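Student: I'd like to go over a predicted model; first the sequence, then the structure.
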Amino acid sequence: MKARRGLAALLLCAAFFARPVSAAASSSPDAALVSMQAEIVQKKAEISRLFDRLHAVGGSCAEGRDLGALKKEHSDLQALIERKLTEFGNLCKDYNSGSDALMESRLLVLAAGKDSSGVAKELAEHSSRDAFAEEVKNVKRAYRTRFDVEVFEFETCARDFAKRHRRTFALEALSVCAALAILAALYFGVRRRKLGPAPAAGSIVGGNYRILREAARRDWGVVFEAEDVALRRGTMVEMVSEKLTGERRALARFLGAARRASALKHGNLLETYAMFEEGGRLYLVCESCAGRPLEELLADGSTLSLAPAKLLLKQAAGALDYVHSRGLLYGVLSPAMILVTPEGSVKLMDIAVAHGMRLAGKRASGAESGSASAYWAPELARGEARVESDLFSLGAVARRLLGAPLALEGVFRRALHEDPRRRYHSGAEFMAALEAIRP
């Protein structure tokens, strides 16, 4: 397909420039590319509708409808979307090839005629076509991320539904008194763990990390400054609260999710070095980085001008897109989770904790009743989390950074829309809208 369309574009350009001037003036050599642009836009709309159907099927799973039929419908939609994404990708490649071929053919003819003004015009037109191709590339990347997240969320929901169904069936087979006795025994005798004391300054945890001092207390646990004895470097040791991991099942789910998140490596993510359990408590060992949380920098109610705010937000948006490309979600991102270094670099913190809490079915109290509630997307209250939930948080952080200038009203209206389908679908898309605003 790609070869045929590339060859067709070359033949079209050669035929165009071989005709008399009067004939060339009567038709456009861009006709094939314009047609392909229209087809790309049509494909985008078609794929978006398929994603809406896929998300609706996932919502039906959460409501407890016929799981067998939903699995089949979801599988069929997955296969259809995969095929459409492949067609969309091939069409984009053909468009790029045709655009390059058209430019090369025109430049050869214009150079032979020493038409410098024509060369400049063709380069400008090719730059416009390149901008369209780059926009389509970002859309294609966002579609792939959304597809992976939708499939992951549906599979998780289906497993949870099956577990709930089996548990309900088992409980109905027991008398009320017997069920209460078994649940009580599980809760108090098996699932609860004995917790050792919190580490004191100077003590060694994990066999290698010397606690120096307590650095911060958060809703999900305590953060200590520490030293990696073996490597002789500073680290941060985070002791996760027993409220999140006090039950064996919750601990297992939290650990599985946190391990996936700790494998992420990105320049704007605070790296997780290690994870271990000791004395019934869960510890995370993280990169030590000089800086202050954005929440502290804005504590006096101040805001930033557009240019420096864009620099911070661009880094955060890039980190979020990377997280989403790996099939993970933050669930919520607040200024307290954004570290700003003295050099102006951004580090998103606590991805392992945030992802672990979300999949363990936990929610920090500060996020429910404190200032962080402003950064929670509405669908999170219904137990739904998706890429657009993180983009809602990013939009709320941007509004806190910039205030509410009239020039940004349209950007914020879309970023914070109640319907996640009408929000931005990637950090790159959000930043493109923000970059279009001039001071």
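Tutor: The structure has been received and is ready for your questions.
Student: per-domain residue ranges of this structure.
Tutor: Per the record, the chain has its domains at 2-172, 204-287, 292-435, by automatic domain parsing.
Student: quick one, which of the ones you listed gets closest to residue 197.
Tutor: For residue 197, the closest of these is domain 204-287, at 7.2 Å, according to C-beta to C-beta. Where C-beta positions appear, they are placed from N, C-alpha and C, glycine not excepted.
Student: how much distance is there from the closest one to the middle of the chain?
Tutor: 23 Å (C-alpha atoms, centre = their mean, to the nearest Å).
Student: can you give me the end-to-end span of that domain?
Tutor: Taking C-alpha to C-alpha, to the nearest Å as the measure, domain 204-287 stretches 18 Å from start to finish.
Student: ok, which of the domains of the chain comes nearest residue 198?
Tutor: Ranking the domains of the chain by their distance to residue 198 (criterion: C-beta to C-beta) puts domain 204-287 first, at 6.5 Å.
Student: rewinding a little: turn the domains of the chain into CSV, columns for mean pLDDT and mean neighbour count.
Tutor: What follows is the domains of the chain, written out as CSV (pLDDT from 0 to 100; neighbours: other C-beta atoms under 10 Å):
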stretch, mean pLDDT, mean neighbour count
domain 2-172, 68, 15
domain 204-287, 85, 18
domain 292-435, 87, 19
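Student: tell me, what residue is most central in this structure?
Tutor: By C-alpha atoms, centre = their mean, the mean C-alpha position of the chain lies nearest to residue 324, the distance being 3.2 Å.
Student: separation between it and residue 426?
Tutor: 7 Å (C-beta to C-beta, to the nearest Å).
Student: equivalent analysis for residue 42, please.
Tutor: The gap separating residue 42 from residue 426 is 21 Å, by C-beta to C-beta.
Student: with residue 352 instead?
Tutor: 22 Å.
Student: on that earlier part again, possible to save the domains of the chain as TSV with distance to residue 196?
Tutor: Shown next, in TSV, are those (distance: least, C-beta to C-beta, whole Å):
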stretch	distance to residue 196
domain 2-172	31
domain 204-287	3
domain 292-435	20
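Student: about what we covered before: and for residue 324 and residue 426, which residues touch both?
Tutor: Between them, residue 324 and residue 426 have 145, 387 as joint contacts when contacts are counted by C-beta atoms under 8 Å, 6 or more residues apart in numbering.
Student: in its sheet, what does the strand of greatest length in the chain sit against?
Tutor: Longest strand in the chain by number of residues (criterion: DSSP state E): strand 209-218. Taking DSSP bridges as the criterion, strand 209-218 pairs within the sheet with strand 204-205 (antiparallel), strand 221-228 (antiparallel).
Student: so which of the ones you listed is nearest residue 148?
Tutor: Among those, the nearest to residue 148 by C-beta to C-beta is strand 221-228 (29.4 Å).
Student: which outside residues touch the closest one?
Tutor: Outside strand 221-228, the residues that touch it by C-beta under 8 Å, 6+ apart are 198-199, 205, 208-217, 233-241, 244, 273, 285, 288, 353.
Student: switch the cut-off to 7 Å
Tutor: Counting contacts by C-beta atoms under 7 Å, 6 or more residues apart in numbering, the residues outside strand 221-228 that touch it are 198-199, 208-216, 234-241.
Student: again with stretch 426-436
Tutor: By C-beta under 7 Å, 6+ apart, the list of residues contacting stretch 426-436 from outside reads 138, 142, 145, 310, 313-314, 317-318, 320-321, 391, 394-395, 411, 415, 424.
Student: try it again at 6 Å.
Tutor: Residues from elsewhere that reach stretch 426-436, judged by C-beta atoms under 6 Å, 6 or more residues apart in numbering: 138, 142, 314, 317, 320, 321, 411, 424.
Student: skipping adjacent residues, who's closest to residue 268 in space?
Tutor: Beyond its immediate neighbours in the sequence, the residue positioned closest to residue 268 (C-beta to C-beta, 6 or more residues apart in numbering) is residue 319, lying 3.8 Å away.
Student: element containing that neighbour?
Tutor: helix 306-325 (DSSP states H and E).
Student: what does residue 44 give?
Tutor: The secondary structure element spanning residue 44 is helix 31-62 (assigned by DSSP H and E).
Student: and the helix or strand just after that helix, what does it pack against?
Tutor: Downstream of helix 31-62, the first helix or strand assigned by DSSP H and E is helix 67-112. Applying 3 or more C-beta pairs under 6 Å, 6 or more residues apart in numbering; DSSP states H and E, one finds that helix 67-112 makes contact with helix 2-18, helix 31-62, helix 116-172.
Student: any chance of the strands paired with strand 209-218 in JSON lines with distance to residue 339 as columns?
Tutor: Compiled in JSON lines, those are given as follows (distance: least, C-beta to C-beta, whole Å):
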{"stretch": "strand 204-205", "distance to residue 339": "23"}
{"stretch": "strand 221-228", "distance to residue 339": "12"}
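Student: any idea which of the ones you listed gets closest to residue 33?
Tutor: Proximity to residue 33 (C-beta to C-beta) singles out strand 221-228 among these, at 54.9 Å.
Student: parallel or antiparallel, list what pairs with the following helix or strand past that closest one.
Tutor: Tracing the chain past strand 221-228, the next element assigned as helix or strand by DSSP H and E is strand 233-240. Neighbouring strands of strand 233-240 in its sheet, by DSSP bridges, are strand 221-228 (antiparallel), strand 281-287 (antiparallel).
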